[in-house]
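Student: Sequence first, then the predicted structure:
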Amino acid sequence: MPPQALLPRESLEIDLQQFSPDDDSTCRSGRRMGRSTNVVIKLLVLAAVWWTAAVFVTLQIKSMVHKGGSFPYTFVLTTLSNGCTGILAFIVARTCMQLNPPLPPIRWDEFRKLLTIGFIQGIEIGCTNKALEYLSVSSRVVAGSTNVLFMMLTASFWDLEGLDFMRLLAAALITVGGVLQGVDVEEFA
């Protein structure tokens with residue numbers, strides 16, 4: 001059953017009024033700036049915060065798990081960090097997100113699927129953290145840049161999405177960019 005079938009039809013409709021300009025401010029080109037500009041700015045700020053946090057966490061994990069680091073047990077570190085993140089997400093969801101109407105209670109088959117996906121994702125993150133024990137951060141970025149390509153090939157294999165020229169070009173550019181960044185850092189380090 002598609003995810004849309006689980007939601008009431010009214011929740012799938014988008015209120016375009018929320019994206020229309022609601023004030024008289026203008027930008028340099030003379031166009032009106034409204035709520036949609038605020039949404040874009042919020043998204044850019046959130047993306048910048050997310051990327052900054054990702055870099056900070058990677059560097060912190062690297063400083064902890066390298067040989068002679070303060071906590072060389074990468075899988076325990078991953079379990080603790082993911083467990084704390086899950087608890088924090090649960091608390092934030094319970095206190096800040098008041099959905100109207102509330103979501104239906106989770107079924108056991110859904111819970112098993114979520115548990116399986118979480119377990120596999122935890123193993124992936126644990127192995128990535130273990131790689132930081134042996135690789136430099138730049139080498140891990142090079143290896144990680146191929147993740148997009150493997151994800152696209154896997155999705156194509158399972159007929160989840162097709163591989164057209166633009167997707168292959170995007171994957172190639174991301175991969176080459178990661179490799180060049182890693183070579184640059186390794187060469188001048």
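Tutor: Thanks, I have it. Numbers count the residues shown, from 1 in each chain.

Student: Tell me the spacing between the residue nearest the centre of the chain and Thr175.
Tutor: What sits nearest the mean C-alpha location of the chain, by C-alpha atoms, centre = their mean, is Trp50, with 8.5 Å. Going from Trp50 to Thr175 by C-beta to C-beta, to the nearest Å gives 22 Å. Where C-beta positions appear, they are placed from N, C-alpha and C, glycine not excepted.

Student: Ser70 and Met64, how far apart?
Tutor: 5 Å.

Student: whoops, Ala93 was the one
Tutor: The gap separating Ala93 from Met64 is 28 Å, by C-beta to C-beta.

Student: So these two - more neighbours on which side?
Tutor: Met64 (17 against 11; other C-beta atoms under 10 Å).

Student: show me the contacts for that one.
Tutor: 70-72, 77 (C-beta atoms under 8 Å, 6 or more residues apart in numbering).

Student: Of those residues, which belong to helices?
Tutor: The helices, defined by DSSP state H, take in Leu77 from the contacts of Met64.

Student: List only those of the contacts of Met64 flagged as buried.
Tutor: Buried subset of those (neighbour count, 16 or more other C-beta atoms under 10 Å): Leu77.

Student: Need the contacts of Met64 in a markdown table (columns: pLDDT and distance to Gln98).
Tutor: As requested, the contacts of Met64 are exported to a markdown table (pLDDT from 0 to 100; distance: C-beta to C-beta, whole Å):
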| residue | pLDDT | distance to Gln98 |
| --- | --- | --- |
| Ser70 | 84 | 40 |
| Phe71 | 84 | 38 |
| Pro72 | 83 | 43 |
| Leu77 | 88 | 34 |
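
Student: top helix in the protein by residue count?
Tutor: The chain, longest helix under DSSP H: helix 35-65.
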